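dropping a prediction and its sequence here:
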Amino acid sequence: MMLGLLLARAGIEVAVLEKHGDFLRDFRGDTLHPSTLEVIAELGLLDGLLALPHQRVERLEVDFGGETYTVADFRKLRVSCPFIALMPQWDFLDFLAGSAGSWPWFSLHMNTQATGLIRENSRIAGVEAVGPKGPLAIRADLVVAADGRHSVLREQAGLIGEDFGAPMDVQWFRLDRPDGMDAPLGRFGAGRILILLPRSDSRGDYWQAGYVIPKGGDAALRQRPFADFQAELTGLMPEIAEPVGRLKGWDAVKLLTVKVDRLHDWCRPGFLCIGDAAHAMSPVAGVGINLAIQDAVAAANLLAGPLTKGAPSVDDLRRVAARRGWPTRMTQRLQLGLQHSLIAETLSADTAPPRAPWMIRLFHSWPWLRRFPARLIGLGLRPEHVRTPMAPRSPARVSR
Ligand SMILES: Cc1cc2nc3c(=O)[nH]c(=O)nc-3n(C[C@H](O)[C@H](O)[C@H](O)COP(=O)(O)OP(=O)(O)OC[C@H]3O[C@@H](n4cnc5c(N)ncnc54)[C@H](O)[C@@H]3O)c2cc1C
C-alpha cells in the first residue's frame, strides 16, 4: 500500500490487489516506529495520521524478576515523532489507501486474490487474479509481491530463501487495563516472557498482551485447563490477577507462529518481492511493518524514474534488493542473537528469573546511552527518505 501510494503520487499507474474485503484483522503489527512516522511526515500526511486514535510509547522498559530497566528512550531522537505510535494496522492501511486514492491513476482492488503470474518472453508481465466478478488478468511493467510471509507469488516466481528458525512462538490476547495502569513493556520471569503494549479503544483501556512460549508449545498448552494459563500469567505479574481472571478461555488467545526467513534473491525480470514476502522478521523489537515500509520507500525511490520510461530492468530491481538487503540482514542477525541468547535462556530457566543482561543494565545506569538502542529500534539501519516527486494531479498517465 505504501509503495502504491508513493508510485501513484509520482504519477505512475498502480493497481493494488488485496484478497480480503477489508484490512480488519486480529492484531498484527501495530507499532509505527519513528522511521515510519518520518516517512509519513515527509509525505505531508502526519497531522492526518496522528488525528487517528493511537497511543504513544516514548521509552522501552523491561522488567527482570521484579526490577524495571529502561532500555531505550526515543525522546532524544531528532525526528518529527520521537515515539512509537501504537495504532491498529487496519486504521493505518485505510489511511494510506485513502491518501493513495486521491490520485486518479491509483486503484485498489479489494476481494481480489492474485493466483498466478503472467509470463511473456521470459519475463513476468502481470498477474492472474480472482476478483468479485471472477478471474481477471492484469498486465504490468512491474509486479511487486508484498503478499506477506506466506507469499504465493514468490513461490510462483521460483524464489527461494533461508529459514533461520526461532525458539519461540507468541500467544496474543487482549487484557483489560484497569484505570489505565502502567506496566513495563516486557516482563522476564523464570521460563516465561510477557509483553504488554498499552492500548485504548472504544471498549476502554487494555493491553495487547503477548505471552512468549517455547516453539511449538501452543497445542500442548491448550490441552491444559485455562486456569493453569491464568495462574502462570498471574505468577509472572501478580498486579494483573484481576483482568487475567476475566479472560474468557482459549478462544480469546491467538497464536503467532514466529518465523524468520529471507530470500536469497528478491527479484526476477518484471518481478520484485518486498516486506514480509522477501523477509519475515522476528517480533523482537516490533520492526516488521517498519522494515516493510522502508522497503517500499527504497523501491519507490529507485524505480519511479525507470517506471516512467517503461519496464525497469533486472539491474534496477537488484538495486532495491541490494539497498534493503544489508539493513534486513543486520537487523535479523541482531534479532537472532537476542532470540538465541536472552529469549532462549529465559524460556529454558525453570526456577529463578533471569538476570538482566549486562547491556540492559548499562543502558539503565547510563541514561545518555539509551539513545543508541532508541536509534537502532526507532530508525533502523539505513533509514529511507521519500525522494520520489509529487506529480500534478492531472489525468495524464505516466506508466503502468
Ligand atoms: C500476530 C502478529 C503480530 C505482529 N506484531 C508486529 C509488531 O508488533 N510490530 C511490527 O512491526 N510487526 C509485527 N508483525 C509483523 C508485521 O505484521 C509484518 O511484518 C508486516 O505487516 C509486513 O507487511 P507486508 O505488507 O510485507 O505483509 P502483510 O502485512 O502480511 O500484508 C500482506 C497483505 O497481502 C494480502 N495478500 C496475501 N496474499 C495475497 C494474494 N495472493 N492476493 C492478494 N492479496 C494477498 C494479505 O491479505 C495482506 O493484507 C506481526 C505479525 C503478526 C502475524
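Nice, thanks for sending it over.

quick check: most distant residue from the centroid of this protein.
residue 121 (35.4 Å; CA atoms, centre = their mean).

what's the pLDDT at it?
Residue 121 carries a pLDDT value of 92.

okay, domains of the protein per the record?
As recorded under automatic domain parsing, the domains making up the chain are 2-162+260-340+373-378, 168-214+217-256.

coming back round to it: contacting residues for the residue farthest from the centre of the chain?
By CB atoms under 8 Å, 6 or more residues apart in numbering, the contact set of residue 121 is empty. The way it works is simple: take the backbone N, C-alpha and C, and place the C-beta from them, glycine included.

what's the burial count for residue 345?
A total of 14 residues lie near residue 345 under the criterion other CB atoms under 10 Å.

quick check: which element contains it?
Counting by DSSP states H and E, the secondary-structure element that holds residue 345 is helix 344-348.

what is the mean pLDDT for the helix or strand following that helix?
For helix 344-348, the succeeding helix or strand toward the C-terminus, using DSSP H and E, is helix 358-365. Confidence for helix 358-365, expressed as mean pLDDT, is 92.

buried stuff in helix 358-365?
Within helix 358-365, the residues that count as buried by 16 or more other CB atoms under 10 Å are 360, 363, 364.

just checking, the first one touches residue 71?
Meaning residue 360. Yes: A contact is recorded between residue 360 and residue 71 when judged using CB atoms under 8 Å, the distance being 5.7 Å.

what residues do those two have in common as contacts?
When contacts are counted by CB under 8 Å, 6+ apart, residue 360 and residue 71 are jointly contacted by residue 62.

count the residues that sit near residue 17.
The local packing of residue 17 (other CB under 10 Å) involves 22 other residues.

that one contacts residue 115, doesn't it?
No: using CB under 8 Å, residue 17 is not in contact with residue 115, being 10.1 Å away.

what is in contact with those two at once?
What both residue 17 and residue 115 touch, as defined by CB under 8 Å, 6+ apart, is the set 127, 129.

so, low pLDDT: which residues of the stretch 301-400 of the chain?
Counting by pLDDT under 70, the stretch 301-400 of the chain contains low-confidence ranges at 394-400.

the stretch 1-150 of the chain now?
Within the stretch 1-150 of the chain, the segments meeting pLDDT under 70 span 26-28.

ranges for the strands of it?
Along the stretch 1-150 of the chain, the stretches classed as strands by DSSP state E, counting those that start in this stretch are 14-17, 31-32, 55-57, 59-64, 67-73, 84-86, 106-109, 113-120, 123-131, 134-139, 143-145.

and of those, who's closest to residue 200?
Minimum separation from residue 200 across the strands of the stretch 1-150 of the chain (CB to CB) falls at strand 55-57, 6.2 Å.

can you tell me which residues in the stretch 1-150 of the chain are near the ligand?
Counting by CB under 6 Å from any ligand atom, the positions of the stretch 1-150 of the chain adjacent to the ligand are 17-20, 27-31, 113-114, 146-148.

tell me how many other residues surround residue 308.
14.

please renumber the chain so that the first residue is 14 from this point on.
Done: numbering now begins at 14, and the last item shifts to residue 321.

send me the helix or strand where it lies as PDB with only the CA atoms.
Residue 321 is located in helix 301-322, with elements delineated by DSSP H and E. Output of helix 301-322 as PDB, limited to C-alpha atoms (Å, rounded to 0.1, in the frame of the first residue of the first chain):
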ATOM      1  CA  GLY A 301       8.300  -5.900  10.900                       C
ATOM      2  CA  ILE A 302       5.900  -3.200   9.500                       C
ATOM      3  CA  ASN A 303       8.600  -0.600   9.700                       C
ATOM      4  CA  LEU A 304      11.000  -2.600   7.600                       C
ATOM      5  CA  ALA A 305       8.300  -3.300   5.100                       C
ATOM      6  CA  ILE A 306       7.600   0.400   4.800                       C
ATOM      7  CA  GLN A 307      11.400   1.100   4.400                       C
ATOM      8  CA  ASP A 308      11.500  -1.400   1.500                       C
ATOM      9  CA  ALA A 309       8.500   0.400  -0.100                       C
ATOM     10  CA  VAL A 310      10.200   3.800   0.200                       C
ATOM     11  CA  ALA A 311      13.500   2.400  -1.300                       C
ATOM     12  CA  ALA A 312      11.600   0.600  -4.100                       C
ATOM     13  CA  ALA A 313       9.800   3.800  -5.000                       C
ATOM     14  CA  ASN A 314      12.900   6.000  -4.900                       C
ATOM     15  CA  LEU A 315      14.800   3.600  -7.100                       C
ATOM     16  CA  LEU A 316      12.100   2.500  -9.500                       C
ATOM     17  CA  ALA A 317       9.800   5.500 -10.000                       C
ATOM     18  CA  GLY A 318      12.300   7.000 -12.600                       C
ATOM     19  CA  PRO A 319      12.700   3.800 -14.600                       C
ATOM     20  CA  LEU A 320       8.900   3.100 -14.500                       C
ATOM     21  CA  THR A 321       8.200   6.400 -16.200                       C
ATOM     22  CA  LYS A 322      10.100   5.000 -19.200                       C
END
